[in-house]
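Participant: pasted the sequence and its predicted model underneath.
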Amino acid sequence: MRFQSILTILVCLFATSFVLAQANSEFPDGLRGFSMSSSFQFDGKEYRYELNTDAIKDTPSWNVSDGEPPLPIVRAVDIAKAQLKKLIKKTKGWDVDFVNLHQADRKKWYYEIHFTCIEIGCSDKATGGFTILVKLDGSPVEPKVTKVPNRS
């Protein structure tokens, strides 16, 4: 009976360690798991950003106490400006409104760079601005772009 109890405990410990090992291998470096989605409309299209642990797990790790982030803010803004030129036709008159640095997971961060138009003619319609996300490895997050149906 005692042998059976010990065997049961050992099997339970093995199963628990196996499950924990799988969980740790799913999210390396102690990541907890992260997922976010945000969208906005501009010029008859919806731009949807989706970001998750898989998309950021290989980006540089950073902690606020480490000093400056691996991707300087000036470089992130340059990358966002280049991405803006790829996504919209007229970029003249667009300027950075704000930059946020968001923590996605343990030691994983991304920039949110928001642009607003400071000149007439940036768009056919009124706009609340345009947002670009940039990961700390310097790669912009590609939005999913879909046409917004006309509501006439």
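Facilitator: Structure's in. What do you need?
Participant: check which helix or strand the residue nearest to the spatial centre of the chain maps to.
Facilitator: Closest residue to the average C-alpha location of the chain: Leu51 at 4.1 Å, with CA atoms, centre = their mean. Assigned by DSSP states H and E, Leu51 belongs to strand 45-52.
Participant: buried set for the next helix or strand after that strand?
Facilitator: Next in sequence after strand 45-52, counting helices and strands by DSSP H and E, comes helix 53-56. Within helix 53-56, the residues that count as buried by 16 or more other CB atoms under 10 Å are 53, 55-56. From N, CA and C alone the C-beta is placed, and that goes for glycine too.
Participant: just stretch 138-152 next, same as before
Facilitator: Result for stretch 138-152 [16+ other CB under 10 Å]: buried residues 140-141, 143.
Participant: what does that stretch contact?
Facilitator: Identification of contacts with stretch 138-152 by CB atoms under 8 Å, 6 or more residues apart in numbering yields 41, 44-51, 55, 71, 75-76, 79-80, 82-83, 87, 110, 132-135.
Participant: quick one: which of the buried residues of stretch 138-152 is nearest to Val99?
Facilitator: Proximity of the buried residues of stretch 138-152 to Val99 (CB to CB) peaks at Pro140, which lies at 13.7 Å.
Participant: now that closest one, nearest residue through space, not along the chain?
Facilitator: Gln83 (4.2 Å; CB to CB, 6 or more residues apart in numbering).
Participant: I'd assumed Arg32 was in contact with Arg106.
Facilitator: Yes - judged on CB atoms under 8 Å, Arg106 makes contact with Arg32 at a distance of 6.3 Å.
Participant: okay, the two: which has more neighbours?
Facilitator: Arg106 (13 against 10; other CB atoms under 10 Å).
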